[in-house]
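In: Got a predicted model here, sequence first, then my questions.
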Amino acid sequence: MKQIIKQLFSNTKHFVRLILPLVTVILAATLFSAPALATGVYQIPDLTSGNDTWVLDRGEVISRLNEGKISSALEDLAKQTGNEVRIVTIRHFDYGETAQSFTKELFEKWFPTKEAQANQTLLVLDTATNDTAIITGDRVKSLLTDSIAESVANETLSTPLRKGNKYNQAFIDTSDRLVAVLSGKPDPGPPQIADEVQVEGTFKNAEETKAVQGSATAWVIGLLIAATVIPMATYYIYQINQPSSDG
């Protein structure tokens, strides 16, 4: 019997040595993953001369198909009118940052002078909160007035997000409205919510992402419980295995 207990004790010690490093790594990843997802302006690359980046989807909420459509529409707009629009999504702002402050800082980073800013429009979305902000240059304001710009951010973009996180629809509608206004056409206003938007089958929606995160959390909790119980059981077995002081 003692031999069996000793063998069990030896196997348990070996198991603990294997599992504890794994638990430590997973716990550390969980604790630091949230801050790591936060984005500051310093993490956004500079725009270089001739840069054709129109959509920077750091939040990974736009399908590749629709990102390509939006980029093509914004590129055509720039070629035909000289008015340029950039759309940026991020997962979460740095601590203390707001949608407005982040957008302003990025606008000034990408376009540091009044002349460079004149024909520019920058729209930013934080996917963690669905907060939005938009900034326009001075020359753009004759077409894209402050009231229209505010409507684009708070209605055209935000309404589909409030109705089920329909990111693809939101950005397609937003792009269509911005292109129309900045081309000198009448403002179509906030569009009606469409029932269907073409997306790729492999695209993960917000609900699927949350489910994956929840599963990871459950694994971490289970491993932490195991890391607590196993050493206690090991100690108990060890105590049983010790020779009695009376003998």
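Out: Yes, it's here.
In: can you give me the strands for this protein?
Out: In the chain, the segments counted as strands under DSSP state E are 38-39, 55-57, 84-90, 92-93, 120-126, 131-136.
In: Contacts for the second one, please.
Out: Put plainly, it is strand 55-57. Contacts with strand 55-57, where a contact means C-beta atoms under 8 Å, 6 or more residues apart in numbering, come from Ile44, Ile62, Glu67, Ile70, Ser71, Leu74, Arg86, Ile87, Val88, Thr89, Phe171. C-betas here are computed from N, CA, C, even on glycine.
In: ok, Thr129 to Gln80 distance?
Out: Thr129 is 35 Å from Gln80, where distance means C-beta to C-beta, to the nearest Å.
In: Correction: the previous question concerned Leu65.
Out: Counting by C-beta to C-beta, the separation of Leu65 from Gln80 is 23 Å.
In: care to break the protein down by domain?
Out: According to automatic domain parsing, the chain comprises the domains 2-38+210-241, 41-182.
In: avg pLDDT for the longest one?
Out: Across domain 41-182, the average pLDDT comes to 94.
In: Now do the end-to-end distance for it.
Out: Taking C-alpha to C-alpha, to the nearest Å, domain 41-182 runs 26 Å from one end to the other.
In: neighbour-wise, which of Leu65 and Gln80 wins?
Out: It is Leu65, of Leu65 and Gln80, that has more neighbours when counted by other C-beta atoms under 10 Å, with 14 against 11.
In: By neighbour count, which of the contacts of strand 55-57 wins?
Out: For the contacts of strand 55-57, neighbours tallied by other C-beta under 10 Å; top is Phe171, 28 neighbours.
In: my guess is it meets Ile70, correct?
Out: Yes - contact criterion C-beta atoms under 8 Å: Phe171 and Ile70 qualify, at 6.0 Å.
In: Between those two, which contacts overlap?
Out: Common neighbours of Phe171 and Ile70, counting by C-beta under 8 Å, 6+ apart, are Val55, Ile62, Ile87.
In: Let me see the contact set for the closest residue to the second one other than its chain neighbours.
Out: Right, Ile62. The shortest distance from Ile62 to any residue other than its chain neighbours is 5.6 Å, reached at Phe171 (C-beta to C-beta, 6 or more residues apart in numbering). By C-beta under 8 Å, 6+ apart, the contact set of Phe171 is Val55, Ile62, Asn66, Ile70, Ile87, Leu157.
In: before we move on, back to that, which of the strands of the chain sits closest to Ser175?
Out: When the strands of the chain are compared by C-beta to C-beta, strand 84-90 sits nearest Ser175, at 7.4 Å.
In: tell me what that closest one is packed against?
Out: If you count contacts as 3 or more C-beta pairs under 8 Å, 6 or more residues apart in numbering; DSSP states H and E, strand 84-90 packs onto strand 55-57, helix 64-81, helix 99-110, strand 120-126, helix 167-182.
In: let's see 7 Å
Out: Using 3 or more C-beta pairs under 7 Å, 6 or more residues apart in numbering; DSSP states H and E, the elements in contact with strand 84-90 are strand 55-57, helix 64-81, strand 120-126, helix 167-182.
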